[in-house]
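*Asks:* Structure of the sequence below:
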Amino acid sequence: MKKVFSIIAVALVATMVACGPSAEEKAKAEEAAKATADSIAKALEASLNTAVEAAAATTDSAAAATTEAAPAAEPAKEEAHH
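*Replies:* As a prediction, this is how the structure comes out:
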């Protein structure tokens, strides 16, 4: 009985090894992987562009606030000297 199970097990293993993916299935898997990689690259690029734009907007608003605050502070200093 053990020999029968051993033969069946060997036959199943041989069948599984022989039934690997076909060339067509491999090509489809490669195309899917490439499409996924392209999608991830586009998403990362969009995210990076958004982050750069947000950083530029923050820098611009900080510079504008500094420019607006500076003239207001100067007249106050001049009045204190008089």
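*Asks:* Regarding residue 21, what is its secondary structure?
*Replies:* The local conformation at residue 21, judged by DSSP: H, G, I helix; E, B strand; the rest coil, is coil.
*Asks:* List the contacts of it.
*Replies:* Contacts for residue 21 (C-beta atoms under 8 Å, 6 or more residues apart in numbering) come out as residue 29. Where C-beta positions appear, they are placed from N, C-alpha and C, glycine not excepted.
*Asks:* Could I get the pLDDT score of it?
*Replies:* On the pLDDT scale, residue 21 is placed at 76.
*Asks:* any idea which element residue 8 lies in?
*Replies:* Using DSSP states H and E, the element containing residue 8 is helix 2-18.
*Asks:* and if you look at residue 29?
*Replies:* Element membership for residue 29, per DSSP H and E: helix 23-81.
*Asks:* quick one: least confident helix or strand in this protein?
*Replies:* helix 23-81 (a mean of 79; mean pLDDT, DSSP states H and E).
*Asks:* in stretch 30-39, what's buried?
*Replies:* For stretch 30-39, burial by neighbour count (16 or more other C-beta atoms under 10 Å) applies to no residue.
*Asks:* got the contact list for it?
*Replies:* Stretch 30-39 is contacted from outside by no residue at all, using C-beta under 8 Å, 6+ apart.
*Asks:* and it, how far out from the chain's middle?
*Replies:* In terms of C-alpha atoms, centre = their mean, to the nearest Å, the centre of stretch 30-39 is found 14 Å from the chain centre.
*Asks:* Could you shift the numbering so residue one becomes 59, and keep it that way?
*Replies:* All right, first residue 59 from here; so that's stretch 88-97.
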